[in-house]
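Asker: Pasting the sequence and the predicted coordinates here, then a few questions.
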Amino acid sequence: MTTDSPQPMVTEARALRHTFVANPHRPQFHFLAPANWLNDPNGLIQWQGRMHLFYQYNPNGPFHGSIHWGHAISDDLVHWQDLPVALTPTPGGCDSDGCWSGSAVNNQGTPTLIYSGVSPQVVCLATSSDDLVTWHKHPANPVIAGPPGDLKVASGGHFRDPYVWRADGQWRLLMGSKSAGGGGLVLLYNSSDLLHWEYVGPILQGDITQTEPIWTGAMWECPNLLDFGQRQALVISTQNELGDLLYVFYASGRFDGQHFVPGVQDILVHGGRQGCFYAPQVTRADDGRHLMWGWLREERSQAAFMEAGWAGVMSLPLVVSMELDGHMCVEPAAELAALRRDHQHWGDLDLPDGSVWPLNSAIGDSLEIIAQFELPDDGEFGLDVRATPDGQEYTRLVVQPAEQQVVIQRDRSSLDPDPDKTPCAAPIRSTANRMITLHIFLDRSVLEVFVNGGLSSMAARIYPTRRDSIGLNLFSRGAAVRLKSLDVWRLDAIW
């Protein structure tokens, strides 16, 4: 329970943020903790018109341990105000080893958090009586004391990340779990009061031997159920047998209240070898949109972020929708346009084969870029961001028409050998009009890309070493290409 008044903590958070202003890799328009460690977004809820974002937070350093719930609020999804830490592990309690991920709900006017306590992994409740500032843990905790009996052994105790909603007059809860040697599980519970829960069973089970259309891994975390009317979608974060964090996938299909019948399965946001986008949470906003934030993991060594003093960033605020064919679409929230400054536009330019065109008037490390190209049949083309004038350091965003994919090439992103430099690739989903649109957000060490209106999306981390890595270039090789339009904005910081 948090008992201190908010203002001193808010002032302290502001001072902490100020100490990192000059850090060349610290994002400026993505949400991140004042300092130290951040991972999963939690407890997304719009309360009296304001969006509340809770998040996994270690106040003791930039490493995973002693997990608390950090807390921030926003009136516009873009600018945030820090609030006091919401949940702190209770020594000797059922969350003594950490307050892990979970949900927030409105229980007849009482804001309620439902979260994972560890160790062992159990489900706990906390409530607030002062508009979500301070929280009181329920004396009945844990309200679910671990995996169901038939999974106590097979799950290895992996039982976490409650996702809670209300339907047909009762509360429903999903848990992430696994069956050793079998695959991931999403488990369903029902309750009338959030305190007493009845286990219904698994609504979906993975198959560790299945590799097509994607491999769904060995352990499932952070399940989200999204309702689009005729179809529903499960969004799941997956791990391998060793517990390595892999990526986020979705299954669209139909949920009948007890079972989920999947249809389309695919990666939600593409990344590198394992992907930096992980553990997203989705909430239904007052205006009906499905809003999502995800954790963008560091892709440099722990020694590097220990030295930096911070680790982990939230994705942009994202809007999730479903196409008629069952594929998911991920787009940046329109509210981000409020950050735009210094607009520049180019149109109807022909890039000859082998050309490199520096955009010297559009340099920067915090940019929004919208580029539309006509697709040739072969060759490749795109943009270089965070480029040095001498070409020693740059990150290349490459469109490859023949392969029907967009690739973030990171082999020259940093002269430092420490960060992950594996390429990130995403498919081009629609080329019916022979056009491709790239919507790019560059924020120092963060790169988020949305292809053709979010039909594909990708996220990556980059860590340039040189201060003059702020150039922006167009390029083409193997074929000439026509640039229909290019818009570039400098984006303001959100703090």
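Answerer: Cool, the structure landed.

Asker: Could I get the buried residue list for the helix or strand residue 460 falls within?
Answerer: Using DSSP states H and E, residue 460 sits within strand 456-461. Neighbour counts over strand 456-461 (16 or more other Cβ atoms under 10 Å) mark 456-461 as buried. Backbone N, C-alpha and C define where each C-beta goes, glycine included.

Asker: Now do it, average pLDDT.
Answerer: For strand 456-461, the mean pLDDT works out to 97.

Asker: that older thread, dump the buried residues of strand 456-461 to JSON lines, plus distance to residue 273.
Answerer: What follows is these, written out as JSON lines (distance: Cβ to Cβ, whole Å):
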{"residue": "456", "distance to residue 273": "18"}
{"residue": "457", "distance to residue 273": "18"}
{"residue": "458", "distance to residue 273": "13"}
{"residue": "459", "distance to residue 273": "13"}
{"residue": "460", "distance to residue 273": "11"}
{"residue": "461", "distance to residue 273": "12"}
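
Asker: ok, so of those, who is nearest residue 219?
Answerer: Distances from residue 219 to the buried residues of strand 456-461, taken as Cβ to Cβ, are shortest for residue 459 (21.6 Å).

Asker: Residue 272 is in contact with that closest one, correct?
Answerer: No. Under the criterion of Cβ atoms under 8 Å, residue 459 makes no contact with residue 272, lying 9.4 Å away.

Asker: Touching both of those two, which residues are there?
Answerer: Residues touching both residue 459 and residue 272 by Cβ atoms under 8 Å, 6 or more residues apart in numbering: residue 424.

Asker: Now tell me what touches the strand holding residue 460 from outside.
Answerer: 268-272, 275-277, 294, 296-300, 315, 330-331, 395, 406, 408, 410, 419-420, 424-429, 445-451.

Asker: Nearest to residue 282, out of the buried residues of strand 456-461: which one, please.
Answerer: Distances from residue 282 to the buried residues of strand 456-461, taken by Cβ to Cβ, are shortest for residue 457, at 14.4 Å.

Asker: Please name the bridge partners of the closest one.
Answerer: residue 450 (DSSP bridges).

Asker: Please report the distance of the spatially closest residue to residue 275 that is not a sequence neighbour from residue 207.
Answerer: For residue 275, ignoring the flanking residues on the chain, the nearest one in space by Cβ to Cβ, 6 or more residues apart in numbering is residue 247 at 4.0 Å. Per Cβ to Cβ, to the nearest Å, residue 247 is found 17 Å from residue 207.

Asker: The two: which is more packed in?
Answerer: Set residue 247 next to residue 207 and count neighbours by other Cβ atoms under 10 Å: residue 247 wins out with 24 against 11.

Asker: contacting residues around that one?
Answerer: Contact analysis of residue 247 by Cβ under 8 Å, 6+ apart lists 237-238, 267-271, 274-275, 277-278.

Asker: Just name the closest of these to residue 290, please.
Answerer: Using Cβ to Cβ, residue 268 comes nearest to residue 290 of the contacts of residue 247, at 12.2 Å.

Asker: The closest one touches residue 249, doesn't it?
Answerer: Yes. Here residue 268 reaches residue 249: they are 6.2 Å apart, a contact under Cβ under 8 Å.

Asker: so what sits against both of these two?
Answerer: In contact with both residue 268 and residue 249: residue 235, using Cβ under 8 Å, 6+ apart.

Asker: Tell me who's in contact with residue 262.
Answerer: Per Cβ under 8 Å, 6+ apart, neighbours of residue 262: 204, 234, 251-253.

Asker: go on, residue 227?
Answerer: Taking Cβ under 8 Å, 6+ apart, we find residue 227 in contact with residue 255.

Asker: hey, what's it bridged with?
Answerer: In this entry, residue 227 is beta-bridged to residue 232, by DSSP bridges.

Asker: ok, the residue of the chain most remote from its centre - contacts?
Answerer: Largest separation from the mean C-alpha position in the chain: residue 352, at 37.4 Å (Cα atoms, centre = their mean). Contacts for residue 352 were tallied using Cβ under 8 Å, 6+ apart; they are 476, 480.

Asker: roughly how far apart are it and residue 376?
Answerer: Distance, residue 352 to residue 376, by Cβ to Cβ: 12 Å.

Asker: Now do the SS call for residue 338.
Answerer: When classified by DSSP: H, G, I helix; E, B strand; the rest coil, residue 338 comes out as helix.

Asker: I'd like the numbering to begin with 582 instead of 1 from here.
Answerer: Shifting the count to begin at 582 puts that one at residue 919.

Asker: wait, doesn't it sit right on residue 659?
Answerer: Yes. If you go by Cβ under 8 Å, residue 919 and residue 659 touch, sitting 6.0 Å apart.

Asker: Which one's more surrounded, these two?
Answerer: residue 659 (20 against 13).

Asker: check which helix or strand covers the more buried one.
Answerer: Assigned by DSSP H and E, residue 659 belongs to neither a helix nor a strand.
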